[in-house]
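**Student:** Predicted model follows, preceded by the sequence.
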Amino acid sequence: MAAMSSPEGSWEDEYMQSHEDFTYEDQQSLLEECKHVFASKDCIMEPVVHGYVRKYLEASGIPEEFVQLLAENYTGTAQAANLLADWLIVAGCDVSEVQDMVECHLKDMILKHFDPKKADSIFTAAEQTPDWIEAMIAHPPWRKLFYELAEKNPDCLLLNFSIKLISDAGYQAEIGSMSSACNQIEVFARILKTSLTNYISQRNENESIIKEIARAACHGKHTYLFTQYLLSYLSKTTKNGAFLKRLSQELQEAAVKSGHDVWNIAFSLNGGSAHPAIAASLTSMLSRKQLNPGDITTLYKAYSSQDAPTVELLRIPLFLDLLVNSLFKPGTHINPEHKSKYTYILGYSTSVYETWKGDTRVAICKDELKGTVQAIDRVHSVCSREIGGTLQLSSEVGMLYQCIRYPVVAMGILRWVEECLSGNNYLKVMTDSTPLHLVLLDEVSTCHPIQHPLVLKLLIKLFTASYPGLETLVELEFKKTILDRLVHMLSRGYVIPVVQFIRNCMESQLTDISLIRHFVTEVLEMIAPPYSREFVNIFLPIVKNDSITGILRNADKKDDVSKFLLHCEAS
């Protein structure tokens with residue numbers, strides 16, 4: 001193993017505060033300076049010792065004296081460490097394991113004793129990039145050390161320069177959302193490019209990538225504006241426009257959650273500067289996170305006119321959430337004089353399609369507007385009632401099924417179902433183990449595949465909740481009904497996330513075995529080979545679990561469990 005120098009000693013304090021070439025008029029002073037360095041611990045192991053020996057000899061120093069000083073102050077810390085490492089290898093430890101052990105200890109020592117001022121003095125005194133920095137950034141563990149140091153010392157010049165070198169070397173994916181990287185626009189641009197490329201290539205709304213981009217973008221005003229402007233430009237000029245628009249909205253939501261006011265930037269990028277009254281009304285409601293009739297009336301007048309502003313101004317997730325809550329949350333009351341304005345704005349923002357040629361709007365398609373507004377109004381009349389109100393099955397239930405085909409209404413139904421079955425509200429609607437609210441989720445899953453993640457999230461929330469107001473058997477039947485909804489989602493093509501949730505339930509051992517058995521039984525009755533490798537890897541351990549499927553197996557192995565296991569073994 002390579003020799004290591006001791007982090008201890010005081011010679012570096014003197015050296016870091018001096019220049020490489022000394023110009024002393026007093027020769028004796030130079031000799032004393034060199035002797036002081038030679039007397040430091042393990043000085044002979046340091047690369048600067050050669051320069052001091054040369055200066056000492058040029059100043060007519062006595063060779064025997066500096067040899068004696070170097071010998072007396074040699075403790076061999078690095079050699080002792082190497083010897084100990086060799087002993088560990090002889091004792092049977094793996095070489096790579098020993099190397100990792102030494103590197104980890106050295107890294108801990110550096111993190112503990114690192115002084116950014118001393119590091120900067122070395123950096124500013126050097127005429128070119130120190131060779132040891134380039135050698136270190138070629139080694140993954142030392143790059144990680146630079147990242148940790150840079151996070152703790154964001155103003156250190158040496159570390160900021162090292163991060164730039166790491167970025168130049170092509171390791172942007174490792175750097176992520178570090179403060180030092182975000183402060184350097186060149187480095188930040190490379191990191192953002194790498195993250196956007198990964199985001200687009202995966203096409204599955206990877207939450208970790210979105211969070212990483214959001215952290216970097218929300219580091220400061222300059223990074224947020226840079227990112228949003230880039231996304232705005234790319235969304236209008238590339239084939240991945242809608243995908244990047246969604247990412248822009250995610251960043252906007254993350255910034256708002258962090259307490260930042262980003263609405264001026266949002267409206268300056270989507271055409272709000274051409275409609276200051278619209279931008280002012282939206283900013284007022286978004287800042288307070290509350291709708292008001294005056295601002296809604298302003299929007300209604302603008303969007304019901306012949307020359308309506310661009311619909312993009314309305315398509316802000318937070319604003320749409322406020323509208324959905326006001327129209328579909330049980331117990332909400334809107335002034336009857338203004339209700340039609342609320343429904344019109346929500347319908348307009350979710351159904352109108354615009355055709356653009358460059359910066360010019362050439363067409364507005366409102367074919368779905370009337371039907372959407374009517375559907376929102378009809379479903380609002382049901383959902384706005386106090387929880388526990390009865391439904392007239394022959395008319396209202398059929399109307400709900402008919403209106404669910406509109407995506408915005410389906411979103412409203414989801415919000416309504418969540419509210420009705422959350423907290424203690426479930427006691428008001430649990431007339432049997434299969435309330436109508438859950439059955440409606442099947443229709444949402446059928447009509448709107450893009451809403452599958454939202455439906456699954458709601459079902460998981462309901463399944464993992466406790467219901468102290470219900471008897472044990474009633475609660476089990478209710479949760480079986482929820483599992484039936486999950487099985488239906490699986491039948492609609494949303495397979496892996498559903499099965500993965502059940503796998504997590506099995507591994508956590510917090511779910512009644514009979515519920516998991518019910519799910520497995522329903523799924524095995526429905527599926528048939530061939531199966532994807534990903535599905536088998538997740539579902540097979542559940543089926544193999546004897547406590548879950550043991551009582552479902554027959555001696556003749558003609559049952560569904562045995563058939564599935566035999567097929568998996570054969571393939």
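**Tutor:** Yep, that arrived.

**Student:** Could you point out the helix or strand that follows the helix or strand residue 243 falls within?
**Tutor:** With secondary structure defined by DSSP states H and E, residue 243 is part of helix 241-257. Heading C-terminal from helix 241-257, the first helix or strand you meet, by DSSP H and E, is helix 263-269.

**Student:** Tell me the buried residues in that following helix?
**Tutor:** 263, 265, 266, 267, 269 (16 or more other C-beta atoms under 10 Å). In short, each C-beta sits where N, CA and C put it, glycine included.

**Student:** Quick check: chain neighbours aside, which residue is closest to the first one?
**Tutor:** Spelled out, it's residue 263. Closest residue to residue 263 apart from its sequence neighbours, by C-beta to C-beta, 6 or more residues apart in numbering: residue 283 at 4.6 Å.

**Student:** Which pLDDT does the model give the one you found?
**Tutor:** In this model, residue 283 is scored at 93, pLDDT.

**Student:** Backbone torsions only: list them for it.
**Tutor:** Residue 283 adopts backbone torsions of phi -60, psi -40, taken as degrees, to the nearest 10.

**Student:** gap between it and residue 322?
**Tutor:** Look at residue 283 and residue 322: by C-beta to C-beta, to the nearest Å, they are 13 Å apart.

**Student:** Give the residue spans of the stretch 251-400 of the chain that score low on pLDDT.
**Tutor:** 388-394 (pLDDT under 70).

**Student:** Could I get the full set of helices for it?
**Tutor:** 263-269, 276-288, 293-303, 317-328, 336-351, 369-383, 398-403 (DSSP state H, counting those that start in this stretch).

**Student:** And the helices in the stretch 1-150 of the chain, which stretches?
**Tutor:** Under DSSP H, counting those that start in this stretch, the stretch 1-150 of the chain gives helices at 11-16, 27-38, 49-58, 63-72, 77-90, 95-113, 116-125, 131-137, 140-152.

**Student:** From the contact counts, what lies against the fifth one?
**Tutor:** Using 3 or more C-beta pairs under 8 Å, 6 or more residues apart in numbering; DSSP states H and E as the contact test, the elements touching helix 77-90 are helix 95-113.

**Student:** From residue 564, how far off is residue 525?
**Tutor:** For residue 525, the distance to residue 564 - C-beta to C-beta - is 11 Å.

**Student:** err, residue 98, not the other one
**Tutor:** Look at residue 98 and residue 564: by C-beta to C-beta, they are 47 Å apart.

**Student:** more crowded one of those two?
**Tutor:** More crowded of residue 98 and residue 564, by other C-beta atoms under 10 Å: residue 564, with 23 against 18.

**Student:** Which residue ranges of the stretch 451-571 of the chain form helices?
**Tutor:** 452-464, 472-491, 496-508, 513-526, 533-544, 546-549, 560-570.

**Student:** Please point out which parts of the shortest one sit buried.
**Tutor:** Taking 16+ other C-beta under 10 Å as the basis for neighbour counts, the residues of helix 546-549 that come out buried are 548, 549.

**Student:** what does the first one give?
**Tutor:** With burial defined by 16+ other C-beta under 10 Å, the residues of helix 452-464 counted as buried are 452, 454, 455, 456, 458, 459, 460, 462, 463.

**Student:** The residue nearest to the fourth one when sequence neighbours are not counted: what's it in contact with?
**Tutor:** Distance criterion C-beta to C-beta, 6+ apart; nearest residue to residue 456, sequence neighbours excluded, is residue 497 at 5.8 Å. By C-beta atoms under 8 Å, 6 or more residues apart in numbering, the contact set of residue 497 is 452, 453, 456.

**Student:** gap between residue 497 and residue 52?
**Tutor:** Applying C-beta to C-beta, the value for residue 497 to residue 52 is 66 Å.

**Student:** which helices and strands does the helix holding residue 243 pack with?
**Tutor:** helix 185-202, helix 207-217, helix 221-237, helix 317-328.

**Student:** do that again at 10 Å, thanks
**Tutor:** Packing partners of helix 241-257 (3 or more C-beta pairs under 10 Å, 6 or more residues apart in numbering; DSSP states H and E): helix 185-202, helix 207-217, helix 221-237, helix 263-269, helix 317-328.

**Student:** Ok, which of those helices comes nearest residue 490?
**Tutor:** Proximity to residue 490, assessed across the helices and strands packed on helix 241-257 by C-beta to C-beta, is greatest for helix 207-217 (21.5 Å).

**Student:** Compute the inter-axis angle for that closest one and helix 221-237.
**Tutor:** 130 degrees (axes from the mean of the first three to the mean of the last three C-alpha atoms, to 10 degrees).

**Student:** For helix 207-217, buried residues please.
**Tutor:** 209, 210, 212, 213, 214, 215, 216, 217.

**Student:** Kindly reformat the helices of the stretch 1-150 of the chain as TSV containing mean pLDDT.
**Tutor:** Formatted as TSV, those follow (pLDDT from 0 to 100):
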stretch	mean pLDDT
helix 11-16	47
helix 27-38	82
helix 49-58	82
helix 63-72	85
helix 77-90	86
helix 95-113	85
helix 116-125	79
helix 131-137	81
helix 140-152	83
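
**Student:** got JSON lines for those helices, with distance to residue 448 too?
**Tutor:** Formatted as JSON lines, those follow (distance: least, C-beta to C-beta, whole Å):
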{"stretch": "helix 11-16", "distance to residue 448": "65"}
{"stretch": "helix 27-38", "distance to residue 448": "75"}
{"stretch": "helix 49-58", "distance to residue 448": "73"}
{"stretch": "helix 63-72", "distance to residue 448": "79"}
{"stretch": "helix 77-90", "distance to residue 448": "61"}
{"stretch": "helix 95-113", "distance to residue 448": "50"}
{"stretch": "helix 116-125", "distance to residue 448": "54"}
{"stretch": "helix 131-137", "distance to residue 448": "49"}
{"stretch": "helix 140-152", "distance to residue 448": "42"}
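
**Student:** Skipping its backbone neighbours, what lies nearest the residue nearest the centre of the chain in space?
**Tutor:** Geometric centre of the chain, nearest residue: residue 211, 2.4 Å, by C-alpha atoms, centre = their mean. Nearest residue to residue 211, sequence neighbours excluded (C-beta to C-beta, 6+ apart): residue 254, at 7.8 Å.

**Student:** Same check on residue 230?
**Tutor:** Using C-beta to C-beta, 6+ apart, the nearest residue to residue 230 is residue 192, at 7.1 Å.

**Student:** Tally up the residues packed near that neighbour, please.
**Tutor:** Neighbours of residue 192 using other C-beta under 10 Å come to 22.

**Student:** Just the CA trace of stretch 469-485, in CSV.
**Tutor:** C-alpha atoms of stretch 469-485 as CSV (Å, rounded to 0.1, in the frame of the first residue of the first chain):
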residue,chain,number,x,y,z
GLY,A,469,-65.4,2.5,15.2
LEU,A,470,-65.9,-0.8,13.3
GLU,A,471,-66.1,-4.3,14.6
THR,A,472,-63.1,-6.5,13.6
LEU,A,473,-64.9,-8.7,11.1
VAL,A,474,-66.6,-5.6,9.5
GLU,A,475,-63.2,-3.9,9.2
LEU,A,476,-61.7,-7.0,7.6
GLU,A,477,-64.5,-7.2,5.1
PHE,A,478,-64.1,-3.5,4.3
LYS,A,479,-60.4,-4.0,3.7
LYS,A,480,-61.2,-7.0,1.4
THR,A,481,-63.3,-4.6,-0.6
ILE,A,482,-60.4,-2.3,-0.9
LEU,A,483,-58.2,-5.2,-2.1
ASP,A,484,-60.9,-6.0,-4.7
ARG,A,485,-60.4,-2.4,-6.0
